[in-house]
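> what follows is a protein structure lacking sequence information:
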């Protein structure tokens, strides 16, 4: 997997530029739970790597990039593993190389929307439940009253049939330049790749659960937990049903360690 080394401010500005330039592009924001799926699924990995921008969403990706950049063979890799993992909570600033900043999902979304507003870009929102998309749109319009939101609809439709064609036609008819898609991984990434050429928008951004946060249906972790890279723990405590999904994290750590050893020739 390749990631672009951008700060949130740089990423938001880059997306606004993509929305203005008239080319068909898309942006993804993978986080650590994505990686085991990407490792075993060639199609998903291709979709993520073919994105115009691939942005690190979460401190786990920053940790992986940092750990893989450290020198040394298998023994050093083994000794450095617990120390680098501890740095996620104890010294997260140490992980900001070679990737400087995690996108933190909805934080980037708000910054991006502000840039789109300043650029005069029209936006379409796609995803979430009907209630979530309505509340998210309302919150965005309250926070950015000048932003041109030309349409919004929920993400619950048949992505392979006639309903999908109607959704694409509706987005195109609205004249949006930027499309935000929040249908969860990997459904949203597959949908974007499958429909990119049919869409009239300039840039499409995979948003994951951003609309849920914006709508207030899912609470964010306290700021200190987010800074310590512990937002995953907060969400797990509030939503125990996420445990199965969180089991991907130790698999991710193992895959990163294995890659480090492979690069060292171990």
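Yes, it's here. A quick note: this is a predicted structure, and the numbers were derived from the prediction, not measured.

> where do the helices of this structure begin and end?
Under the criterion DSSP state H, the chain contains helices at 8-20, 35-40, 42-49, 59-69, 74-90, 106-119, 130-143, 162-174, 187-195, 210-215, 223-227, 231-238, 243-246, 248-263.

> residue 29: which of these is closest?
Among the helices of the chain, the nearest to residue 29 by CB to CB is helix 106-119 (7.0 Å). Bear in mind the C-beta positions are built from the backbone N, C-alpha and C, glycine included.

> looking at the helices of the chain, which is buried most?
helix 210-215 (a mean of 25; mean count of other CB atoms under 10 Å).

> quick one: list the elements packing against that one.
helix 106-119, helix 130-143, strand 178-182 (3 or more CB pairs under 8 Å, 6 or more residues apart in numbering; DSSP states H and E).

> enumerate every residue touching residue 133.
125-127, 152-155, 211, 215 (CB atoms under 8 Å, 6 or more residues apart in numbering).

> any chance of the helices and strands packed on helix 210-215 in JSON lines, with mean pLDDT too?
As requested, the helices and strands packed on helix 210-215 are exported to JSON lines (pLDDT from 0 to 100):
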{"stretch": "helix 106-119", "mean pLDDT": "96"}
{"stretch": "helix 130-143", "mean pLDDT": "96"}
{"stretch": "strand 178-182", "mean pLDDT": "98"}
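
> what's the span of stretch 112-130, first residue to last?
Terminal residues of stretch 112-130 lie 23 Å apart, using CA to CA, to the nearest Å.

> chain center to it: distance?
Distance of stretch 112-130 from the chain centroid (CA atoms, centre = their mean, to the nearest Å) equals 15 Å.

> most neighbours among the contacts of residue 133, which one is it?
Highest neighbour count within the contacts of residue 133: residue 211, with 32 neighbours (other CB atoms under 10 Å).

> residues touching it, list them.
Contacts of residue 211 by CB under 8 Å, 6+ apart are 125, 127-128, 132-133, 136, 182.

> from residue 254, how far off is it?
Distance from residue 211 to residue 254, counting by CB to CB, to the nearest Å: 32 Å.

> please apply the same query to residue 113.
37 Å.

> tell me who's in contact with the residue nearest the centre of the chain.
For the chain, residue 29 is the residue whose C-alpha lies nearest the centre (CA atoms, centre = their mean; 2.4 Å). Going by CB under 8 Å, 6+ apart, residue 29 touches 54-57, 103, 105, 108, 205-208.

> closest to residue 83 out of the contacts of residue 133?
Looking across the contacts of residue 133 and measuring by CB to CB, the closest to residue 83 is residue 211, at 37.5 Å.

> what does the model give that closest one for pLDDT?
We have a pLDDT of 92 for residue 211.

> could you number the chain from 57 rather than 1 from now on?
Understood, numbering begins at 57; the last thing we discussed is residue 267.

> coming back round to it: next one, pLDDT for the residue nearest to the centre of the chain please.
At residue 85, pLDDT is 96.

> who's in contact with the residue lying closest to it once chain neighbours are set aside?
The shortest distance from residue 85 to any non-neighbouring residue, by CB to CB, 6 or more residues apart in numbering, is to residue 113 (3.9 Å). Neighbouring residues of residue 113 by CB under 8 Å, 6+ apart: 85-87, 158-161, 164, 264.

> buried ones from the residues you listed, can you make that a ChimeraX selection?
To isolate the buried members of these in ChimeraX, using 16 or more other CB atoms under 10 Å:
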select :85,86,87,158,159,160,161,164,264
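
> from the contacts of residue 113, which single one is nearest residue 122?
Distance to residue 122, by CB to CB, is smallest for residue 158 among the contacts of residue 113, at 11.7 Å.

> pretty sure the closest one is touching residue 118, no?
Yes. With contact defined as CB atoms under 8 Å, residue 158 counts as touching residue 118 (5.5 Å).
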